[in-house]
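Undergrad: Could you look at this predicted model? Sequence included:
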Amino acid sequence: MTESTRLDAPLTIAGRTFNSRLLVGTGKYRDFDQARDAITESGAEIVTVAVRRSNLGQNPDEPNLLDIIPPTRYTILPNTAGCFNARDAVRTCQLARELLDGHNLVKLEVLGDEHTLYPNVMETLSAARTLIDDGFDVMVYTSDDPIVARELESMGCCAIMPLGSLIGSGQGLLNPHSLSLIIDHARVPVLVDAGIGTASDAALAMELGCDGVLLNSAIAHARQPVVMARAMRQAVEAGRNAWLAERMPRRTLARASSPTEGRINA
Ligand SMILES: CC(=O)[C@@H](O)[C@H](O)COP(=O)(O)O
């Protein structure tokens, strides 16, 4: 057992445990083969699927996304991408539960507008309440507002997923301070979801103390998605280890790296 595995515990979400802290999406790939190869290389165990945009068996004559991410191997995380109000999001989760034989772990996202894809927190709060009452385990995409995050946690969401920046923007973490406020007070896992552009963004999220990272565009839109998937896996592991190791203090002045004791004074 290595030092870091002794220090670390698996990621636990709604009673399920995972060794990988990288969650990936399935959209925007050139084709199913590329998606499968990148997802495999990422080492992700949780893979999110947009129920309204993917064939999970609703259309028996078309390729089924689950053929490349079999539920026997992956935890499928149905998401409500494309929903702009609570009612549509709740219906989408209920459809996913039917298609996936009673699977009740979902990623809720209720968006404010097409332009920003920013979460509509009022509709998100309303949908989360309905879904939790209906027996779902809700991982929730939200803004980086710590008060909203606290509300979502206290109503029973099993993971809080604040954005790093706008979905698909690749701008990285625009407000690390707000993310830290959420992380420092949450008692459920906090995962940055959206806006990751490259490996250092994912590492930074983990160094802040996030429990995981969910991303899609940074891998799917890299020129070499499989290579970027590997980089993301390594970045999440490196960031997690750096957080576990607890970084050295920042100092304003230099301190010599070589030993000063026993020095021969000329
Ligand atoms: C895949 C998913 O669930 C989305 O929330 C989103 O696509 C992730 O954001 P990026 O594509 O910016 O990584």
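TA: Happy to help now that I have it.

Undergrad: how far away is the residue nearest to P10 when sequence neighbours are not counted from V226?
TA: Nearest residue to P10 in three dimensions, chain neighbours excluded: T17, at 4.2 Å (Cβ to Cβ, 6 or more residues apart in numbering). C-beta coordinates here come from the backbone N, C-alpha and C atoms, glycine included. Note on T17: its distance to V226, by Cβ to Cβ, to the nearest Å, is 27 Å.

Undergrad: Settle it for me: which of these two has more neighbours?
TA: A count of neighbours by other Cβ atoms under 10 Å puts V226 above the other of T17 and V226, at 16 against 10.

Undergrad: From what I see, that one and R36 are in contact.
TA: No. Using Cβ atoms under 8 Å, V226 is not in contact with R36; the gap is 10.0 Å.

Undergrad: A strand includes the residue nearest to P10, no?
TA: Yes. Counting by DSSP: H, G, I helix; E, B strand; the rest coil, T17 is located in a strand.

Undergrad: can you give me the strands for the stretch 1-150 of the chain?
TA: For the stretch 1-150 of the chain, the strands defined by DSSP state E, counting those that start in this stretch cover 11-13, 16-18, 22-25, 46-50, 75-79, 105-108, 137-142.

Undergrad: Tell me which of those lies nearest to the ligand.
TA: strand 22-25 (2.9 Å; Cβ to the nearest ligand atom).

Undergrad: Please see if that closest one touches the ligand.
TA: Yes. Using Cβ under 6 Å from any ligand atom, strand 22-25 reaches the ligand at G25.

Undergrad: elements contacting that strand?
TA: helix 32-42, strand 46-50, strand 212-215, helix 217-220, helix 225-245 (3 or more Cβ pairs under 8 Å, 6 or more residues apart in numbering; DSSP states H and E).

Undergrad: can I get those in TSV with distance to the ligand and mean pLDDT?
TA: Putting those into TSV (distance: least, Cβ to the nearest ligand atom, whole Å; pLDDT from 0 to 100) gives the following:
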stretch	distance to the ligand	mean pLDDT
helix 32-42	12	96
strand 46-50	5	96
strand 212-215	4	98
helix 217-220	3	98
helix 225-245	10	97
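
Undergrad: Out of the ones you listed, which one sits most buried?
TA: Mean neighbours per residue, mean count of other Cβ atoms under 10 Å, is largest over the helices and strands packed on strand 22-25 for strand 212-215, with a mean of 28.

Undergrad: hey, what's the most centrally placed residue in the chain bridged with?
TA: Central residue of the chain (Cα atoms, centre = their mean): L214, 2.2 Å from the mean position. Beta bridges link L214 to L23, D193, judged by DSSP bridges.

Undergrad: Offset the numbering so it begins at 836, please.
TA: Yep, numbering from 836; the last one is L1049 now.

Undergrad: what residues are up against it?
TA: L1049 is in contact with L858, V859, G860, T883, K942, M996, L1026, V1027, D1028, A1029, counting by Cβ atoms under 8 Å, 6 or more residues apart in numbering.

Undergrad: Out of these, flag the one nearest to E876.
TA: For these, the residue nearest E876 by Cβ to Cβ is V859; the value is 9.9 Å.

Undergrad: Hmm, that closest one is touching A1064, no?
TA: Yes. If you go by Cβ under 8 Å, V859 and A1064 touch, sitting 7.5 Å apart.
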